[in-house]
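Chemist: No letters, just coordinates:
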Ligand SMILES: CC(C)(COP(=O)(O)OP(=O)(O)OC[C@H]1O[C@@H](n2cnc3c(N)ncnc32)[C@H](O)[C@@H]1OP(=O)(O)O)[C@@H](O)C(=O)NCCC(=O)NCCS
């Protein structure tokens with residue numbers, strides 16, 4: 001009998017322990033959001049009476065499914081547990097007819113996913129640091145999100161990402177701050193920042209051009225405590241995004257690989273993406 005089952009709210013402490021063992025940034029709120037977005041799509045593996053592994057499979061309309069939170073307790077690695085959880089995640093997404101299944105792979109995860117048929121799409125890097133205050137020109141023209149902004153936020157993010165993530169974005173806005181930049185009636189950029197265990201996480205940041213991205217970043221960083229660490233995850237195929245993160249004194253801490261399974265790949269418009277939402281979210 002399989003030892004994999006869907007995750008419940010009372011498994012969150014075990015999920016958090018796996019995050020701490022791996023040095024990851026997620027807090028209880030991240031697990032709660034995952035369960036809210038995919039009540040049947042977050043899995044745990046139980047061995048010897050305890051949760052030793054996790055994996056999440058959320059989907060954004062029927063175009064993109066995103067697998068994340070693939071964590072195996074160090075004492076239980078190299079036994080096929082991650083592969084089994086991955087298969088469960090993939091099945092859950094395929095059962096729903098999701099067209100492309102994607103993830104951001106660490107160097108440890110990449111061989112596991114490659115064996116399951118995932119192929120490399122593009123690199124993704126994590127910038128880290130306490131953002132330089134002197135780079136901040138104030139005041140930014142960006143402002144907090146208002147209810148009336150959501151239809152335009154949904155449209156801009158959908159162009160950038162390749163599927164509708166409105167439910168996720170509303171969660172992120174409630175957990176942290178969300179700002180937009182408008183020009184007349186037209187929304188030019190939006191961005192989000194949320195708390196994390198090691199560092200605040202900036203993203204997604206979607207903008208029509210570099211200047212709009214900077215205005216949103218500055219508004220988000222204005223409320224950021226000067227010494228607080230920030231994670232900013234970028235697709236380097238958009239050189240503007242790299243430059244922007246570097247301009248705040250952030251440096252590359254990790255390099256991962258975005259991977260995809262399936263013949264169809266919805267990539268969105270990378271030139272709009274100035275920060276992704278997170279490795280586990282896309
Ligand atoms: C990556 C991780 C989830 C793998 O878990 P796991 O349960 O050990 O993986 P599996 O046992 O299912 O491995 C599947 C295959 O990949 C191979 N593999 C696993 N870890 C590997 C590694 N570090 N290097 C090379 N190959 C590896 C195994 O040989 C296995 O192949 P096999 O079936 O032919 O022997 C685990 O190491 C982990 O939790 N790491 C820390 C968190 C992390 O990086 N997660 C991935 C996020 S994208």
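Modeler: Nice, thanks for sending it over. Treat the numbers as computed from the prediction; the structure is a model and nothing was measured. Numbers count the residues shown, from 1 in each chain.
Chemist: what's the distance between the residue lying closest to residue 167 once chain neighbours are set aside and the ligand?
Modeler: Spatial nearest neighbour of residue 167, excluding adjacent residues (CB to CB, 6 or more residues apart in numbering): residue 37 at 6.1 Å. (Each C-beta comes from the backbone N, C-alpha and C, glycine too.) Separation of residue 37 from the ligand (CB to the nearest ligand atom, to the nearest Å): 18 Å.
Chemist: show me what contacts residue 37?
Modeler: 58, 167, 168, 171 (CB atoms under 8 Å, 6 or more residues apart in numbering).
Chemist: Swap in 10 Å and give it another go.
Modeler: 56, 58, 59, 60, 66, 165, 167, 168, 171, 281 (CB atoms under 10 Å, 6 or more residues apart in numbering).
Chemist: same thing with residue 87?
Modeler: Shown in contact with residue 87 (CB under 10 Å, 6+ apart): 4, 55, 80, 116.
Chemist: if I look at the closest residue to residue 142 other than its chain neighbours, how far off is the ligand?
Modeler: For residue 142, ignoring the flanking residues on the chain, the nearest one in space by CB to CB, 6+ apart is residue 219 at 3.7 Å. Distance of residue 219 to the ligand, computed by CB to the nearest ligand atom: 31 Å.
Chemist: State the number of residues packed around residue 219.
Modeler: 25 (other CB atoms under 10 Å).
Chemist: any idea how far it lies from residue 256?
Modeler: With distances taken as CB to CB, to the nearest Å, residue 219 is found 27 Å from residue 256.
Chemist: coming back round to it: can you select the buried ones from the contacts of residue 37 in ChimeraX?
Modeler: Selecting the buried subset of these in ChimeraX, with 16 or more other CB atoms under 10 Å as the burial test, is done by:
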select :56,58,59,60,66,165,168,171,281
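Chemist: Can you flag which of the contacts of residue 37 belong to helices?
Modeler: Cross-referencing the contacts of residue 37 against helices under DSSP state H gives 167, 168, 171.
Chemist: Between the residues you listed, which sits nearest the ligand?
Modeler: Of all those, the ligand sits closest to residue 168, with 18.7 Å by CB to the nearest ligand atom.
Chemist: list the contacts for the closest one?
Modeler: 33-34, 36-37, 58, 60, 66, 157, 161, 192, 204, 277-278, 281-282.
Chemist: can you tell if stretch 77-91 touches the ligand?
Modeler: Yes: against the ligand, stretch 77-91 shows contacts by CB under 6 Å from any ligand atom at 77, 78, 79, 80, 81, 82, 83.
Chemist: For the third one, give me its contacts.
Modeler: Put plainly, it is residue 79. Contacts of residue 79 by CB under 10 Å, 6+ apart are 45, 47, 52, 53, 72.
Chemist: which parts of the chain sit against the ligand?
Modeler: Counting by CB under 6 Å from any ligand atom, the residues of the chain near the ligand are 22, 70-72, 77-83, 105-106, 108-109, 111-112, 115.
Chemist: show me where the stretch 101-250 of the chain has helices.
Modeler: Using DSSP state H, counting those that start in this stretch, the helices found in the stretch 101-250 of the chain span residues 110-115, 150-161, 166-175, 210-222, 239-247.
Chemist: hey, which of those helices is tucked in deepest?
Modeler: Among the helices of the stretch 101-250 of the chain, helix 210-222 has the highest mean neighbour count (mean count of other CB atoms under 10 Å), at a mean of 23.
Chemist: Show the contacting residues for residue 251.
Modeler: By CB under 10 Å, 6+ apart, the neighbours of residue 251 are 126, 127, 128, 129, 245.
Chemist: Show me where this protein has its strands.
Modeler: Along the chain, counting by DSSP state E, strands occupy 4-6, 42-47, 50-60, 64-72, 100-105, 119-129, 143-144, 177-183, 186-194, 200-207, 230-234, 251-261, 273-275.
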